[in-house]
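Trainee: quick one, fold the following:
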Amino acid sequence: MAVTLYLIVDPMCSWCWGFRPVWHEFEAGLSTTNRVVDLMGGLAPDTDQPMDASTRDYVQNAWRVVAARTGAQFNFAFWDECLPRRTTYPACRAVVAAGLQAVSARKAMYEAVQSAYFLLARNPVEQDTLISLAGEIGLDVGRFAQDIASTAVDQQLTSEMHTVRKFGVTGFPSVIWQSQSPDGPHRFGLLAAGYTDIDELRLRWAEVLA
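Mentor: Numbering: from 1, shown residues only. Below you'll find the predicted structure:
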């Protein structure tokens, strides 16, 4: 049975960072008849305002919770070395813009933003950071700089977030499956809502395929 999996994430979501190795392991075991489509969830909208103290405390505590649950590593120097803003849309646009150059570049940019933010204390809400990351993953930097600020990229991000809302997803990471039998309608289901360990993910997947 051919199944499409929708991986719904945000590059600056700490639970998505914790889920990354689980997803890598799960995806490596998928059949070639299965297709993966990633969608940017858009966790926090655009703002020029620095993150207030209570939000800083909330996000840092979330990092500690994710680290304790998943074993993911975090570099808390970010909070001293960078000026955080509560927006993830620039990072989501970077993933969309990268994908205009190569489909595989979406994943490369998504993971580059995660590593920059959570491990390297680099601020992915800053355009300069995102443009630097584009160069580091081998993209045409000039084109990327134009694309990330374009109406087309903004519209595509809006479209992806609209699809996410149609699925009823409000938290990340989430994984939705969709299949269609030769003589029947599309079937949909929820494979993961929030962090899910590899054993549970495989168990649910086996039930989908049964």
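Trainee: which other residues reach stretch 135-151?
Mentor: Applying CB atoms under 8 Å, 6 or more residues apart in numbering, the set of residues contacting stretch 135-151 from outside is 90, 93-94, 97-98, 100-101, 105, 108-109, 112, 127, 130-131, 134, 153. For glycine as for every other residue, the C-beta is placed from the backbone atoms N, C-alpha and C.
Trainee: how about it: buried residues?
Mentor: Ile137, Leu139, Phe144, Ala145, Asp147, Ile148 (16 or more other CB atoms under 10 Å).
Trainee: likewise stretch 11-18?
Mentor: Neighbour count says stretch 11-18 has Pro11, Met12, Cys13, Ser14, Trp15, Cys16, Trp17, Gly18 buried, by 16+ other CB under 10 Å.
Trainee: the first one contacts Pro90, correct?
Mentor: No. Taking contact to mean CB atoms under 8 Å, the distance of 9.5 Å between Pro11 and Pro90 leaves them out of contact.
Trainee: surely Gln178 meets Met1?
Mentor: No. The pair formed by Gln178 and Met1 falls short of the contact definition of CB under 8 Å, at 11.1 Å.
Trainee: neighbour count winner among these two?
Mentor: Gln178 (16 against 13; other CB atoms under 10 Å).
Trainee: host element of that one?
Mentor: strand 174-180 (DSSP states H and E).
Trainee: in its sheet, what does that strand sit against?
Mentor: Paired strands of strand 174-180, with direction, are strand 3-9 (antiparallel), strand 186-193 (antiparallel) (DSSP bridges).
Trainee: to Phe74, which of the ones you listed lies closest?
Mentor: strand 3-9 (17.2 Å; CB to CB).
Trainee: scan this protein for its longest helix.
Mentor: helix 53-70 (DSSP state H).
Trainee: which parts of that one are buried?
Mentor: Val59, Gln60, Trp63, Val66, Ala67, Thr70.
Trainee: gap between the fifth one and Ser54?
Mentor: Distance of Ala67 to Ser54, given as CB to CB, to the nearest Å: 21 Å.
Trainee: same thing with the last one?
Mentor: With the distance defined as CB to CB, Thr70 ends up 24 Å from Ser54.
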